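Enquirer: Prediction below, plus the sequence it came from.
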Amino acid sequence: MLKRTCTCGEPRKNNSGETITLSGWINTYRDQGKGLVFIDLRDRYGMTQVVFDAEDTPTEVMDAGSTLRREDVISVTGEIRLRDGKPNARLATGEIELVAKDIEVINRTAKLPILPDDHDADKIGEEHRLKYRYIDLRRPAMQKILKLRHQITQFTRNFFASNDFLEIETPLLITPTPEGARDFIVPSRHQEGCWYALPQSPQIFKQILMVAGCDKYLQICKCLRDEDPRADRQAEFTQIDLEMSFVDQDDVLAIMSEFATGLYKEVGGIDLGDLPHISWKDAMDKYGSDRPDTRFDLQLQDVTELASKTDFKVFNEACESGGNVKAMRVPGGAEKLSRKKTDAFAEVAKTYGAGGLPVVKYEGGKFVTGVAKFVEPIKEELVQALGLEDGDIVMFGVGSYRVACTSLGEVRLAVAKELDLIPKGLFRGLWVIDFPMFDWNEEGQRWVSEHHPFTAPLESHLDILESDPENCLSSGYDLVINGAEVGGGSIRIHTPEIQSKVFGLLGLSQEEAEDKFGFLLNALRFGAPPHGGVAFGLDRLVMMMIGTDNIRDVIAFPKTQTGADLMCEAPGIADPNQLDELGIIMREPVQTTEPA
RNA sequence: GGGGCGGUAGCUCAAUUGGUUAGAGUACCGGCCUGUCGAGCCGGUUGUUGCGGGUUCGAGUCCCGUCCGCCUCGCCA
């Protein structure tokens, strides 16, 4: 093999006259006829134009050159020279070209199913890109993502290493636990009938590492949750997982803020500014979300009391059942938001549990359209409360506190998108703190953890943990950037007494708690330091910096909505002998279906 | 589990109220062309219309079922 002496991104005009060897893929070929062929040779580092010029290239090399096709793999030796034609400003190497003197055609490609072209990549069906991922990943845009992801993990390791964190691995084969997401489970061969779970996160292990005196822990680890994916969510994803001992919330937020702002600045060239703290209640009240997007101004206001003075049945029912009415003023919205558009926003509200989206416009000093006649009696008060000006539109979120807030909060995002209120290139981050400890689950008629069962209550709320769980706040915190949760954590419970109480509130009996979490409770009995930490979603960090909404763009080998890997065709059928060794009998004979 | 969108040539798409031989661009193959760079010009090959069933004289088009992909609600401590 002709071994390369430099990469396709390197040669410049000051290398003129040098003889070098390049290796790579044929990106394009331009055959000008007998005696002149251009190819662009591509590797991870860039592209260089290679010219086969009969005046300077040996005949047999000319012949080989004219047979080259896109994505063939070659090595080519030649001399760098300034281009005869115009330089190509779009290529870093655009001022020079390599005059082919010797060539080795290393591997010719079969007929290509897709072309690795950034130019029309978004036109290619994602299904094809995933099936032929090795071709798709050759695209410079995909290479850029892989590199950015690498830079983020490198920055992370360097940052935390220089702050005395130890990178420690935790097991992949662990024990199934109740609570939380559905586990992926793995059969045990040695103990027939028993199963491992794949970790939803290393949560308990990292806490135990604190008990073990490790003090500061870091891991960049895979987490697995057998739940339905979304555009920004995969069953298999990566967390930057951290834990620290002898710290309080301020300590954790301080170093994690330093990390986050440093990361965005160093790797992304993005100034995140300060990361203010906002309480969960404030976030819900003002933005209708526990991950508020603060890049634009629209805010929600509570008008429950005013609404109760109206004769509007929808308002009254919410008020009487202890719910809320939230209002959002959209300045100048009366003209910009047609009935058709507000109807579309109503669909958004309905998706999030609201019955609809009452709307009223304020024009010429009076309310018009929608629920105008219902809010007329509270006109003066409403105008004053919301600071209404002529030409505004008001939308209402009605329902239980969470439904009123979140449905209108989602409408807020839709309105911002519709009216193009979100400045491009702006990044805004904040910490959401003071989450509730619990959320009441109607279906199961029990409390569930808002964060997770190991989250400590605020010290000041310890006394109401059991007497008033609804109002007990936790030490949980989420880092939110541009309306996306990019990380979250908490100060953990570090005594077995409180941990048992929380398990109890979650409806886990003493026996169940001991059975499922005994190892943690035990660890807490043997000298657990106060500790807390964070996990950042690596995939989301990459997505945000690269500017994509699609998590599959930032994962080398992602899975589909049904958890399939279209390239390797996972999941697959196990050999009957494998199942037999594991003591597993299929309920139904396996149906092999022909792929479509 | 629910709702929505989609599946036609290797790829991206078109195909009128159901109508005869399913087209175009691109890729690929052949030819021409000595300064191109998403090269150009000329010619050519390419189809289980996802799969199965039904209605019909006739189905890419209508109906039923099913598979796959995407978006989404639930779910994701």
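Expert: Received, thanks.

Enquirer: Am I right that A:Asp40 is in contact with A:Thr28?
Expert: Yes: using Cβ atoms under 8 Å, A:Asp40 makes contact with A:Thr28 at a distance of 5.0 Å. Every residue, glycine included, has its C-beta placed from N, CA and C.

Enquirer: So between those two, which is more surrounded?
Expert: Using other Cβ atoms under 10 Å, the more surrounded residue of A:Asp40 and A:Thr28 is A:Asp40, with 22 against 15.

Enquirer: Nearest spatial neighbour of that one, chain-adjacent residues omitted?
Expert: Nearest residue to A:Asp40, sequence neighbours excluded (Cβ to Cβ, 6 or more residues apart in numbering): A:Asn27, at 4.2 Å.

Enquirer: And that neighbour, how far from RNA strand B?
Expert: 8 Å (Cβ to the nearest atom of the strand, to the nearest Å).

Enquirer: And for A:Pro276?
Expert: For A:Pro276, the distance to RNA strand B - Cβ to the nearest atom of the strand - is 24 Å.

Enquirer: Please put the alpha-carbon coordinates of the worst-scoring helix or strand of chain A on mean pLDDT into PDB.
Expert: Sorted by mean pLDDT, DSSP states H and E, the helices and strands of chain A end with strand A:438-441, the least confident at a mean of 88. The C-alpha trace of strand A:438-441 is given here as PDB (Å, rounded to 0.1, in the frame of the first residue of the first chain):
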ATOM      1  CA  PHE A 438     -43.300  14.500  45.200                       C
ATOM      2  CA  ASP A 439     -46.000  14.600  42.600                       C
ATOM      3  CA  TRP A 440     -49.400  12.900  43.300                       C
ATOM      4  CA  ASN A 441     -50.100  10.200  40.800                       C
END
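
Enquirer: Per-residue confidence at A:Asp164, what does it come out as?
Expert: Confidence at A:Asp164, expressed as pLDDT, is 98.

Enquirer: can you check the one 5 residues further on too?
Expert: Turning to A:Glu169, the model gives it a pLDDT of 98.

Enquirer: Could you find the closest non-adjacent residue to it?
Expert: A:Glu169 sits nearest to A:Gln219 (Cβ to Cβ, 6+ apart), 6.4 Å away.

Enquirer: Please, where are all the helices along the stretch 151-300 of chain A?
Expert: A:203-211, A:249-268, A:280-287 (DSSP state H, counting those that start in this stretch).

Enquirer: highest average neighbour count across those?
Expert: Comparing those by mean neighbour count (mean count of other Cβ atoms under 10 Å), helix A:203-211 ranks first with a mean of 22.

Enquirer: Off-centre distance for that helix?
Expert: Centroid separation for helix A:203-211 versus its chain: 25 Å, with Cα atoms, centre = their mean, to the nearest Å.

Enquirer: Who are the packing partners of that helix?
Expert: If you count contacts as 3 or more Cβ pairs under 8 Å, 6 or more residues apart in numbering; DSSP states H and E, helix A:203-211 packs onto strand A:216-224, strand A:236-245, helix A:510-525, strand A:531-537.

Enquirer: One more pass at 6 Å, please.
Expert: strand A:236-245, helix A:510-525 (3 or more Cβ pairs under 6 Å, 6 or more residues apart in numbering; DSSP states H and E).

Enquirer: Confidence-wise, which of these is weakest overall?
Expert: When the helices and strands packed on helix A:203-211 are compared by mean pLDDT, helix A:510-525 comes last with a mean of 93.

Enquirer: one step back: possible to save the helices and strands packed on helix A:203-211 as TSV with mean neighbour count and distance to A:Leu172?
Expert: Output for the helices and strands packed on helix A:203-211, formatted as TSV (neighbours: other Cβ atoms under 10 Å; distance: least, Cβ to Cβ, whole Å):
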stretch	mean neighbour count	distance to A:Leu172
strand A:236-245	23	11
helix A:510-525	16	17
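
Enquirer: The ones you listed: which one's closest to A:Leu275?
Expert: For these, the distance to A:Leu275 is smallest for strand A:236-245, at 16.1 Å, taking Cβ to Cβ.

Enquirer: OK, contacts around the closest residue to A:Glu10 other than its chain neighbours?
Expert: Once flanking residues are discounted, A:Glu10 sits nearest to A:Tyr45: 6.8 Å by Cβ to Cβ, 6+ apart. Contact analysis of A:Tyr45 by Cβ atoms under 6 Å, 6 or more residues apart in numbering lists A:Thr7, A:Cys8, A:Gly9.

Enquirer: and A:Ile80, what are its bridge partners?
Expert: A:Leu98 (DSSP bridges).

Enquirer: before we move on, what SS does the residue nearest to A:Glu466 when sequence neighbours are not counted have?
Expert: Spatial nearest neighbour of A:Glu466, excluding adjacent residues (Cβ to Cβ, 6+ apart): A:Lys501 at 6.2 Å. Recorded secondary structure, A:Lys501: helix (DSSP: H, G, I helix; E, B strand; the rest coil).

Enquirer: okay, now A:Lys501: neighbour count?
Expert: 17.

Enquirer: what sits against A:Ile135?
Expert: A:Ile114, A:Pro116.

Enquirer: So it lies in a strand, does it not?
Expert: No: counting by three-state DSSP, A:Ile135 is not found in a strand; it is helix.

Enquirer: confidence score at it?
Expert: For A:Ile135, pLDDT reads 95.

Enquirer: measure it to A:Leu479 for me?
Expert: 36 Å (Cβ to Cβ, to the nearest Å).

Enquirer: next one: A:Leu41
Expert: In terms of Cβ to Cβ, A:Leu41 sits 43 Å off from A:Leu479.

Enquirer: Now do the contacts for the nearest residue to A:Trp280 once chain neighbours are set aside.
Expert: Of all residues not flanking A:Trp280 in the chain, A:Phe435 sits nearest, at 4.6 Å (Cβ to Cβ, 6+ apart). Shown in contact with A:Phe435 (Cβ under 6 Å, 6+ apart): A:Trp280, A:Glu450, A:His451, A:Ser474, A:Gly476.

Enquirer: so the third one sits right up against A:Gly489, yeah?
Expert: No: with contacts defined as Cβ atoms under 6 Å, A:His451 does not count as touching A:Gly489, sitting 8.4 Å away.

Enquirer: ok, those two, which is more surrounded?
Expert: Taking neighbours as other Cβ under 10 Å, A:His451 and A:Gly489 compare with A:Gly489 leading, 27 against 20.

Enquirer: is that one in a bridge, and if so with what?
Expert: Under the criterion used (DSSP bridges), A:Gly489 bridges to A:Tyr477, A:Val534.

Enquirer: where's the closest residue to A:Leu172 other than its chain neighbours relative to RNA strand B, distance?
Expert: Distances taken as Cβ to Cβ, 6+ apart put A:Leu198 closest to A:Leu172, at 6.0 Å, once the chain neighbours are dropped. Look at A:Leu198 and RNA strand B: by Cβ to the nearest atom of the strand, they are 12 Å apart.

Enquirer: Would you confirm that A:Leu198 contacts A:Ile185?
Expert: No: A:Leu198 is beyond contact range of A:Ile185, at 7.5 Å (criterion: Cβ under 6 Å).

Enquirer: between these two, which one's more packed in?
Expert: More crowded of A:Leu198 and A:Ile185, by other Cβ under 10 Å: A:Leu198, with 20 against 13.

Enquirer: Which pLDDT does the model give that one?
Expert: Looking at A:Leu198, its pLDDT is 97.

Enquirer: Might you enumerate the residues of the stretch 351-500 of chain A proximal to RNA strand B?
Expert: A:Thr351, A:Tyr352, A:Gly353, A:Glu443, A:Val448, A:Ser449, A:Glu450, A:His451, A:His452, A:Pro453 (Cβ under 7 Å from any atom of the strand).

Enquirer: got the contact list for the last one?
Expert: Right, the one you point to is A:Pro453. A:Glu179, A:Val502, A:Leu506.
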